[in-house]
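Engineer: Prediction below, plus the sequence it came from.
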Amino acid sequence: MKLKSTLLCVSMAAALCACGGQGGDKSKDSAAKGSESSAPVVLNLAHSLSETHTVHQAIKRFADEVAEKTKNHVQIKIFPNAQLGNETECLEQLKNGVLPMTKVSAPGLAAIFDAYHGFGLPYLFKDTEDYY
């Protein structure tokens, strides 16, 4: 399960990078370089948790794995402690295309997507297995 979720995250990051690529003609300089690697794609990921929070540690590990699995072609730059805004502000930035990635809680998402209200109900799932 852990490997599947890691692969899913890496796939999502790669898809985001594909959306942000620059099209158009290549210059003579870049064509002359041939197989040299281009500059890495850096994706900002903001959240409002402290750097000691376990979720931040998981995000940091995700960023490390993305860099490792893409050979540093994709890098995740993490902004913890609400540096780029609280959850609501980060969601607005995400919706407007300013911020490529964020981590928000289910109640934060429920403010935008009604389907997430269900995750706030008590005793909705009988155990962790039922949740997944």
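Structural biologist: Looks like it arrived, so ask away. As the structure is a prediction and not an experimental result, all values here were calculated from the model. Residues are numbered from 1 along each chain as shown.
Engineer: My understanding was that V66 contacts N72; is that so?
Structural biologist: No - V66 lies out of contact with N72 (Cβ atoms under 8 Å); the separation is 9.4 Å. Just so you know, the C-beta spots here come from the backbone N, C-alpha and C atoms, and that holds for glycine as well.
Engineer: The two: who's more crowded?
Structural biologist: Ranked by neighbour count (other Cβ atoms under 10 Å), V66 and N72 place V66 first, with 23 against 12.
Engineer: ok so that one is a strand residue?
Structural biologist: No - if the criterion is DSSP: H, G, I helix; E, B strand; the rest coil, then V66 is helix and not within a strand.
Engineer: what about it, distance to I76?
Structural biologist: As judged by Cβ to Cβ, to the nearest Å, V66 and I76 stand 5 Å apart.
Engineer: Repeat that for P122.
Structural biologist: In terms of Cβ to Cβ, P122 sits 34 Å off from I76.
Engineer: Those two - which one has more neighbours?
Structural biologist: Between P122 and I76, I76 has the larger neighbour count (other Cβ under 10 Å), namely 21 against 4.
Engineer: Tabulate the CA atom coordinates of the helix or strand hosting the more buried one in CSV.
Structural biologist: Assigned by DSSP states H and E, I76 belongs to strand 74-79. The C-alpha trace of strand 74-79 is given here as CSV (Å, rounded to 0.1, in the frame of the first residue of the first chain):
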residue,chain,number,x,y,z
VAL,A,74,11.4,17.5,-10.3
GLN,A,75,11.9,19.2,-7.0
ILE,A,76,9.4,20.0,-4.3
LYS,A,77,10.1,23.2,-2.3
ILE,A,78,8.1,23.1,1.0
PHE,A,79,6.7,26.1,2.7
